[in-house]
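Colleague: here are the coordinates; sequence isn't available:
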């Protein structure tokens with residue numbers, strides 16, 4: 001099956017979610033898309049079915065619509081141009097009783113339909129004549145094979161269906177074990193070769209992924225040199241299975257550019273020896289190809305190479321923010337990372353916030369106060385080739401795990417950590433969520449201060465509160481109160497009362513986006529430690545913060561306008 005992108009399973013009602021989950025559970029990386037206000041517990045929510053479907057199709061994403069086939073066809077019809085480029089599209093009945101491939105015969109839709117049918121315990125309604133008669137899809141070869149001349153496929157299959165015989169040149173079990181009319185004297189030819197093949201329209205050429213390329217010091221002209229080596233030996237670039245390199249090069253951008261140009265994965269091993277690298281991929285009985293370049297080795301294996309079984313990929317570490325907790329406040333980027341990650345690291349409460357997105361992952365939970373240990377563990381896991389997501393609530397860069405990871409990265413200087421691909425994916429912060437719930441208290445200049453004195457002395461906190469108060473900033477307080485720490489909020493209030501009016505609006509947001517969510521509006525005078533805990537963010541208004549009434553709603557906002565008379 002020639003599918004390289006994770007499928008999108010699209011549902012329009014909550015009745016379809018159960019069937020959708022059965023499908024995503026068997027398709028690695030598949031995401032469940034659900035219509036807003038009609039579905040919940042989905043991976044990605046959308047508001048416009050047509051726009052979403054067309055965007056997915058244009059991006060080459062396989063689409064599994066749990067809906068009527070007609071609505072899928074009519075929605076995508078304006079985009080249908082080149083069937084050689086279209087991704088798989090199939091329709092599934094709401095109750096899971098039917099699976100119908102619609103588009104993408106050249107990109108593996110029938111194989112995808114069989115996978116979906118297996119998940120639902122039904123036979124897919126495959127209608128492709130060649131696939132039914134010959135029990136194989138010639139235009140959509142399995143992983144490890146590349147069809148070099150798909151432009152000849154239509155005529156070739158038509159000739160087969162008209163009674164033509166096939167002469168098989170080379171070894172490919174998926175073809176020899178099919179129902180193809182194989183005949184040594186056949187007028188049609190199928191070649192399986194790593195060499196540049198026949199251009200005759202009566203011949204289909206498949207390149208098996210048997211070539212491995214090892215690199216030790218990639219340079220800007222390395223891709224040109226690789227093509228020179230392949231051309232000199234009459235080898236097809238499409239037969240290259242992967243790039244293999246020393247582990248310390250895992251973060252090398254030129255190396256990844258070469259792999260992208262060739263359309264192959266990169267794998268890394270703990271050796272700098274070219275011969276060891278290439279033989280690790282191809283085996284001791286492989287054939288070494290002559291190379292005039294000291295940093296490039298090429299070898300041809302006797303078997304199809306599966307790069308996933310050799311060395312390790314580049315490790316990835318994503319520090320993600322779930323937002324306050326509600327699924328609809330989690331960004332699509334974060335959901336995509338969680339779908340792709342192999343390992344999750346985080347405080348147990350935050351891991352629980354992501355619900356089913358943790359299914360099938362290796363989960364490493366820890367106490368909330370061991371950020372450095374958690375960061376160290378995540379970096380080590382990523383260095384071993386895992387795709388690790390460090391889970392934070394809110395935004396990971398605001399009093400959360402992003403800073404902890406970079407602190408540990410700088411402190412220990414472990415060489416293997418330098419190979420990791422690191423990214424930070426933002427989330428909606430608690431102060432943003434609280435502000436949005438009550439109006440716009442952060443509508444003008446504001447600052448954020450943590451009242452926790454665990455990592456910084458109270459003297460510094462007091463200085464910052466004083467400076468923010470005298471500057472008339474709106475102030476968002478994080479970590480205002482804990483079981484062991486209650487006096488800091490009272491001390492902060494005392495400082496603020498010296499610079500703010502007693503009736504200054506104060507917003508307290510607790511458990512935002514989670515069970516027990518509560519948002520209160522009070523005044524600075526009435527603010528007491530008993531009103532808050534560690535799950536509360538407090539927003540102290542400035543002199544321009546107003547509280548207004550709209551029917552039964554109370555809104556708090558900070559005016560953007562500063563009049564000269566004030």
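Modeller: That came through fine. On a predicted model such as this, the values are computed, not experimentally measured, just so you know.
Colleague: Quick check: next helix or strand after the worst-scoring helix or strand of the chain on mean pLDDT?
Modeller: With mean pLDDT, DSSP states H and E as the measure, the helix or strand of the chain carrying the lowest mean pLDDT is helix 129-134 (a mean of 69). Towards the C-terminus, the helix or strand next in line after helix 129-134, according to DSSP states H and E, is strand 145-147.
Colleague: Mind listing residues that contact that next one?
Modeller: Applying CB atoms under 8 Å, 6 or more residues apart in numbering, the contact partners of strand 145-147 are 138-139, 141, 153, 172, 174, 192, 204-209, 238-239, 304. For the C-beta atoms, the positions are set from N, CA and C on the backbone; glycine is no exception.
Colleague: how does it look with 10 Å?
Modeller: 2, 106, 138-141, 153, 172, 174-175, 192, 204-209, 236-240, 263, 304 (CB atoms under 10 Å, 6 or more residues apart in numbering).
Colleague: got it, and stretch 482-494?
Modeller: Contacts of stretch 482-494 (CB under 10 Å, 6+ apart): 449-454, 458, 461-462, 464-466, 469, 475, 477, 479-481, 500, 506, 524-534, 536, 538, 540.
Colleague: pLDDT value on the residue lying closest to residue 401 once chain neighbours are set aside, please?
Modeller: Closest residue to residue 401 apart from its sequence neighbours, by CB to CB, 6 or more residues apart in numbering: residue 392 at 4.5 Å. With respect to pLDDT, residue 392 scores 93.
Colleague: And residue 392, how far from residue 335?
Modeller: Distance of residue 392 to residue 335, given as CB to CB, to the nearest Å: 15 Å.
Colleague: Then residue 470?
Modeller: Counting by CB to CB - residue 470 and residue 335 are separated by 43 Å.
Colleague: So which of the two has more stuff around it?
Modeller: residue 335 (22 against 11; other CB atoms under 10 Å).
Colleague: Pull up the distance across stretch 526-544, start to finish.
Modeller: 19 Å (CA to CA, to the nearest Å).
Colleague: scratch that, stretch 75-92
Modeller: 16 Å.
Colleague: ok, for residue 199, nearest residue in space, not its chain neighbours?
Modeller: Residue 199 sits nearest to residue 149 (CB to CB, 6+ apart), 7.1 Å away.
Colleague: So the one you found sits against residue 201, correct?
Modeller: Yes - counting by CB atoms under 10 Å, residue 149 touches residue 201, with 8.3 Å between them.
Colleague: Okay, strands next: where are they in the stretch 151-300 of the chain?
Modeller: 166-169, 188-192, 203-208, 211-215, 240-246, 266-269, 287-289, 296-300 (DSSP state E, counting those that start in this stretch).
Colleague: among those, which is nearest residue 224?
Modeller: strand 296-300 (10.9 Å; CB to CB).
Colleague: Adjacent strands (with direction) for the closest one?
Modeller: Strands that pair with strand 296-300, judged by DSSP bridges, come out as strand 211-215 (antiparallel), strand 287-289 (antiparallel).
Colleague: picking that back up, quickly list what the residue nearest to residue 401 is bridged to.
Modeller: residue 321.
Colleague: Relative to residue 79, how far out is residue 73?
Modeller: For residue 73 relative to residue 79 (CB to CB), the value is 11 Å.
Colleague: tell me, how many neighbours does the spatially closest residue to residue 200 that is not a sequence neighbour end up with?
Modeller: Using CB to CB, 6+ apart and skipping the chain neighbours, the partner closest in space to residue 200 is residue 189 (7.3 Å). Counted by other CB under 10 Å, the residues lying close to residue 189 total 17.
Colleague: Return the mean pLDDT over stretch 161-176, rounded to an integer.
Modeller: For stretch 161-176, the per-residue pLDDT averages 92.
Colleague: my bad, stretch 476-483
Modeller: On average, stretch 476-483 scores 91.
Colleague: so how far is it off the chain centroid?
Modeller: Chain-centre distance of stretch 476-483: 33 Å, with CA atoms, centre = their mean, to the nearest Å.
Colleague: Specify the beta-bridge partners of residue 214.
Modeller: residue 244, residue 297.
Colleague: Now for it: which residues touch it?
Modeller: Residue 214 touches 242-246, 269, 271, 273-282, 291, 295-299, counting by CB under 10 Å, 6+ apart.
Colleague: Look at residue 368 and say how many residues are nearby.
Modeller: Applying other CB under 10 Å, we find 12 residues neighbouring residue 368.
Colleague: In the stretch 351-500 of the chain, what residue spans correspond to helices?
Modeller: Using DSSP state H, counting those that start in this stretch, the helices of the stretch 351-500 of the chain run over residues 371-383, 401-412, 430-438, 458-470, 487-497.
Colleague: Reformat the ones you listed into JSON lines and put mean pLDDT next to each item.
Modeller: Below are the helices of the stretch 351-500 of the chain laid out as JSON lines (pLDDT from 0 to 100):
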{"stretch": "helix 371-383", "mean pLDDT": "96"}
{"stretch": "helix 401-412", "mean pLDDT": "96"}
{"stretch": "helix 430-438", "mean pLDDT": "94"}
{"stretch": "helix 458-470", "mean pLDDT": "97"}
{"stretch": "helix 487-497", "mean pLDDT": "95"}
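Colleague: Find me the pLDDT at residue 414, would you?
Modeller: 94.
Colleague: How many residues are close by it?
Modeller: Neighbours of residue 414 using other CB under 10 Å come to 15.
Colleague: how close does it sit to residue 370?
Modeller: If you measure residue 414 against residue 370 using CB to CB, the figure is 19 Å.
Colleague: outside of the helix or strand where residue 17 lies, which residues touch it?
Modeller: If you go by DSSP H and E, residue 17 is part of helix 17-24. By CB under 10 Å, 6+ apart, the surrounding residues in contact with helix 17-24 are 6-11, 30-34, 38-43, 64, 66, 92-97, 99, 115-116, 119-121, 339, 356, 359-360.
Colleague: Kindly recompute the last result at 6 Å.
Modeller: 9, 11, 30, 32, 39, 66, 96, 116, 119 (CB atoms under 6 Å, 6 or more residues apart in numbering).
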